[in-house]
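A.B. asks: Could you work out the structure for the sequence below:
(one chain, ligands or ions: 1)
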Amino acid sequence: MRATMVRTRFAPSPTGYLHVGGARTALFSWAYARRHAGKFVLRIEDTDLERSTADSVRAILDGMAWLGLDWDEGPFFQMRRLPRYREAAEQLLREGRAYRCYCTKEELEQMRAAQRARGEKPRYDGRWRDSKAAPPAGVAPVIRFKNPLEGEVTFHDLVKGAITIANSELDDLVLLREDGVPTYNFGVVVDDLDMRITHVIRGDDHVNNTPRQINIFRALGGALPQFAHVPMILGADGERLSKRHGAVSVMQYAEEGYLPEALLNYLARLGWSHGDEEIFSKERFVEWFDLAHVSRSAAQFDPEKLRWLNHHYVKERSDADLAGLMKPLIEARGARVEDGPRLEAVAALVKARSETVEAAAAAAMMFYRETAPPEGALELSAEVTPALAELARAFSSLSDWSEEPIMGAIDAVLKTHKLKLPQIAMPLRLIVFGRAQTPNIGPTLAVAGRKRVLEALRKRVGA
Ligand code: GLU
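C.D. replies: Numbers count the residues shown, from 1 in each chain. Now for the predicted structure:
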């Protein structure tokens, strides 16, 4: 027998940007499909009409594209599938597995208040389940599911193991609202069936919904998918990760100069492991990913580790690649790359110290913008001024403007004037770049170009 093809999905609600938790769920679903040569479906669950926005849809698609999580089918939008949910609900009505409920909001509120007053958990009491009463005039009914009254639902979660819930815990949930929009639990089941999803991989905030969904799957006569609920992500304080913990939006990481391969690598390790491996490519992750190694306990988000990984990937990028990423950030700071040295050479110089592309761009600015040293920072002593003047003359006669001859000229001047490197390097930095700190002086001067170095020196010390 041929095994069924694996089909997974990511089903975000477009009520905000793509956050790291959603991206991690998407990554696991995507990787599982890729690992098993299956299909990955993208479905937008936009039934919350008040909170869903087109901007969020775009932000989710942008985030997925930036991370390189490509989907094979979709995006499907639930709001474009309303007739299908209606049809599925009608099927359940016909088969006696659902019923119309005419309770008004007020009635439901009273019901809940009375239950609370009796110390019970509020739940729908099933009053229209077998009612023969004539429908009241003027009330548009909702369609409710006839949840089995007895027995229990057991499923084997691929992460959490066996989970059992008694049907007596579950009330008759609404499938279709009076306006024909499905509830989350119903839309999900109809879609997972129609889209032939074999593995539902999602956040464990949905684990309580799964028994309800399984009952609906069965009532609709569909094959059950497997379920894998991945643990949530916590901030350093043990609270659920949120904006309070800093950036949580994928695109904010993009804007802050993180690389997609770094964020992907980081997210992959969040609640999943492969021995001690920390640094691996997306391809390797696909090769290794399995649900058996998804952790059962919550994962903790560690921004420091993400920065560390990002730095690794910044250094891995070719100079040309990195330059391409830095260019718009330098221009956004109001400088023109054409006015300074070749950006690739600058990228090569700054990447060892830059944890993000943003930091690399910031470090590159000294080559593209002239800055005067801070007031009082540059006090040239009587012995240093003539040494710098001599250095300027030596620089102007170098046949080759590169690190080695530049350092050779500096060494010669240090010797003649009996000075130590910092005594020359520090004023040089301040004179040429207006700052006391730069990468090593030799390569930095080489990248800056002879013209700029000489002009700055001559302005200051004559020569
Ligand atoms: N739309 C749901 C959410 O964003 C996803 C539900 C699911 O994956 O089943 O939480």
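
A.B. asks: partners of the closest residue to residue 196 other than its chain neighbours in the sheet?
C.D. replies: Of all residues not flanking residue 196 in the chain, residue 7 sits nearest, at 5.4 Å (C-beta to C-beta, 6 or more residues apart in numbering). In this view, the C-beta of every residue, glycine as well, is placed from N, C-alpha and C. Bridge pairing for residue 7 (DSSP bridges) gives the partners residue 39.

A.B. asks: burial count for residue 7?
C.D. replies: Using other C-beta atoms under 10 Å, the number of residues around residue 7 comes to 21.

A.B. asks: Could I get the contacting residues of the most centrally placed residue in the chain?
C.D. replies: Centroid-nearest residue in the chain, with C-alpha atoms, centre = their mean: residue 250, separated by 3.2 Å. With contacts defined as C-beta atoms under 8 Å, 6 or more residues apart in numbering, residue 250 is in contact with 17, 18, 19, 20, 23, 63, 66, 67, 263.

A.B. asks: Give me the buried positions along the helix or strand that contains the fifth one.
C.D. replies: I take that to be residue 23. In this assignment (DSSP states H and E), residue 23 forms part of helix 20-35. Buried residues in helix 20-35, counted by 16 or more other C-beta atoms under 10 Å: 20-35.

A.B. asks: does it come close to the ligand?
C.D. replies: No. Counting by C-beta under 6 Å from any ligand atom, the ligand is not contacted by helix 20-35; separation bottoms out at 6.9 Å.

A.B. asks: tell me the mean pLDDT for that helix?
C.D. replies: In this model, helix 20-35 has an average pLDDT of 97.

A.B. asks: Look up the closest residue to residue 248, ignoring the ones flanking it.
C.D. replies: Closest residue in space to residue 248, ignoring its immediate chain neighbours: residue 19 at 4.6 Å, by C-beta to C-beta, 6+ apart.

A.B. asks: ok, the one you found - contacts?
C.D. replies: Taking C-beta under 8 Å, 6+ apart, we find residue 19 in contact with 241, 248, 249, 250.

A.B. asks: Can you report phi and psi for residue 182?
C.D. replies: Here is the backbone geometry of residue 182 (degrees, to the nearest 10): phi -70, psi 160.

A.B. asks: For stretch 142-156, what is the distance to the chain centroid?
C.D. replies: Here stretch 142-156 shows a centroid-to-chain-centroid distance of 35 Å under the convention C-alpha atoms, centre = their mean, to the nearest Å.

A.B. asks: per-residue pLDDT, residue 463?
C.D. replies: With respect to pLDDT, residue 463 scores 64.

A.B. asks: Run a quick check on residue 347 versus residue 364, I expect a contact.
C.D. replies: Yes. Taking C-beta atoms under 8 Å as the definition, residue 347 is a contact partner of residue 364 at 7.4 Å.

A.B. asks: Which neighbours do these two have in common?
C.D. replies: Jointly contacting residue 347 and residue 364 under the rule C-beta under 8 Å, 6+ apart are residue 326.

A.B. asks: Please give me every residue in contact with the residue located most distally from the centre of the chain.
C.D. replies: No residue in the chain sits farther from the centre than residue 416, which is 57.0 Å out by C-alpha atoms, centre = their mean. Residue 416 is in contact with 387, 390, counting by C-beta under 8 Å, 6+ apart.

A.B. asks: any idea which helix or strand carries it?
C.D. replies: Using DSSP H and E, residue 416 maps to helix 403-417.

A.B. asks: Repeat that for residue 191.
C.D. replies: Per DSSP H and E, residue 191 falls inside helix 184-194.

A.B. asks: So what touches that helix?
C.D. replies: Helix 184-194 has contacts (C-beta under 8 Å, 6+ apart) with 9, 11, 43, 45, 47, 76, 78, 81, 84-85, 88-89, 145, 173-176, 182, 197, 200, 209, 212-213, 216-217, 220, 222, 225.

A.B. asks: which ones among those residues are found in helices?
C.D. replies: Judged by DSSP state H, the subset of the contacts of helix 184-194 located in helices is 84, 85, 88, 89, 212, 213, 216, 217, 220.

A.B. asks: Report pLDDT for residue 180.
C.D. replies: 97.

A.B. asks: should've said residue 213
C.D. replies: 98.

A.B. asks: do you know how far the nearest residue to it once chain neighbours are set aside is from residue 84?
C.D. replies: Leaving aside its chain neighbours, residue 213 sits nearest to residue 189 (5.1 Å; criterion: C-beta to C-beta, 6+ apart). Computed as C-beta to C-beta, to the nearest Å, the residue 189 to residue 84 distance reads 12 Å.

A.B. asks: Which one of these two is surrounded by more residues?
C.D. replies: Taking neighbours as other C-beta under 10 Å, residue 189 and residue 84 compare with residue 189 leading, 28 against 15.

A.B. asks: Give me the pLDDT for that one.
C.D. replies: Reported pLDDT for residue 189: 98.

A.B. asks: Neighbours of residue 136, how many?
C.D. replies: Residues lying near residue 136 (other C-beta under 10 Å) number 11.

A.B. asks: Looks like it contacts residue 101 (just checking).
C.D. replies: No. Residue 136 is beyond contact range of residue 101, at 11.2 Å (criterion: C-beta under 8 Å).

A.B. asks: Name the member of the contacts of residue 19 with the shortest distance to residue 279.
C.D. replies: Taking C-beta to C-beta as the measure, residue 250 is the one of these closest to residue 279, at 20.1 Å.

A.B. asks: how long is stretch 424-441 end to end?
C.D. replies: Chord length of stretch 424-441, first to last residue, is 10 Å (C-alpha to C-alpha, to the nearest Å).

A.B. asks: for the record, mean pLDDT for it?
C.D. replies: The model assigns stretch 424-441 a mean pLDDT of 95.

A.B. asks: chain center to it, what's the gap?
C.D. replies: For stretch 424-441, the distance to the chain centre is 38 Å (C-alpha atoms, centre = their mean).

A.B. asks: buried residues in it?
C.D. replies: 424-434, 438, 441.

A.B. asks: on that earlier part again, if any of the ones in helices among the contacts of helix 184-194 are buried, put those into a ChimeraX selection.
C.D. replies: A single ChimeraX command is used to select the members of the ones in helices among the contacts of helix 184-194 judged buried by 16+ other C-beta under 10 Å:
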select :85,88,89,212,213,216,217,220
